[in-house]
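A.B. asks: need coordinates for the below:
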Amino acid sequence: MSVTNTSGRRKTAVARIYLKDGAGAITVNGKDHKVYFPTLPLQYIVNQSLEVSELTGRYDITVNVQGGGVKGQAEAVRLAIAKAIVELDAEKKPALRAKGLMTRDNRMVERKKPGRAKARKKFQFSKR
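C.D. replies: Residues are numbered from 1 along each chain as shown. Okay, here's the model as predicted:
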């Protein structure tokens, strides 16, 4: 029994996963993924890579995720699972790529600049 280890990132969230043969249990930070990600859209995001590659229920997945918010964490987990699936079976890559699951979404929050109210917003201009 081999274990596939990959990582996925989104915004400031980093997910490390360990994928092995099993009954389809997904554990995130020691909790079931339905407890850790309580809403259905987040659960769908986590399972999306498995559904696209038609491997739902074939692997047990253990996830360590940290940083960011719940949506960023869910998307980091999705990317990590997609990368692990491709590592096991390269023929699944075109289907995952077509759904945009193999691409690391590199959009980040823009930093606040000095002398400004926020990243781009300026303080109100007063002529006098």
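
A.B. asks: how about stretch 116-126: buried residues?
C.D. replies: Counting neighbours by 16 or more other Cβ atoms under 10 Å, one finds that stretch 116-126 has no buried residues. No exception for glycine: its C-beta is placed from N, CA and C like everyone else's.

A.B. asks: start the count at 14 instead of 1 going forward.
C.D. replies: Yep, numbering from 14; the last one is stretch 129-139 now.

A.B. asks: and it, how far apart are its ends?
C.D. replies: Stretch 129-139 has an end-to-end distance of 15 Å (Cα to Cα, to the nearest Å).

A.B. asks: which residues sit against that stretch?
C.D. replies: 122, 123, 124, 125, 126 (Cβ atoms under 8 Å, 6 or more residues apart in numbering).

A.B. asks: would you point out which residue is most central in this structure?
C.D. replies: residue 89 (1.7 Å; Cα atoms, centre = their mean).

A.B. asks: could you check how far that one is from residue 40?
C.D. replies: 15 Å (Cβ to Cβ, to the nearest Å).

A.B. asks: do the same with residue 63
C.D. replies: 14 Å.

A.B. asks: show me which of those two is the more surrounded one.
C.D. replies: residue 63 (21 against 17; other Cβ atoms under 10 Å).

A.B. asks: doesn't the more buried one lie inside a helix?
C.D. replies: Yes - counting by DSSP: H, G, I helix; E, B strand; the rest coil, residue 63 is found in a helix.

A.B. asks: list the buried residues in the longest helix along the chain.
C.D. replies: Criterion DSSP state H: the longest helix present in the chain is helix 83-101. For helix 83-101, a neighbour-count test (16+ other Cβ under 10 Å) marks 84-99 as buried.

A.B. asks: where do the helices sit along this protein?
C.D. replies: Using DSSP H, helices in the chain cover 46-49, 53-65, 83-101, 106-111.

A.B. asks: save these as TSV, and put in mean pLDDT and distance to residue 131 too.
C.D. replies: Below are the helices of the chain laid out as TSV (pLDDT from 0 to 100; distance: least, Cβ to Cβ, whole Å):
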stretch	mean pLDDT	distance to residue 131
helix 46-49	96	31
helix 53-65	94	27
helix 83-101	95	20
helix 106-111	94	35
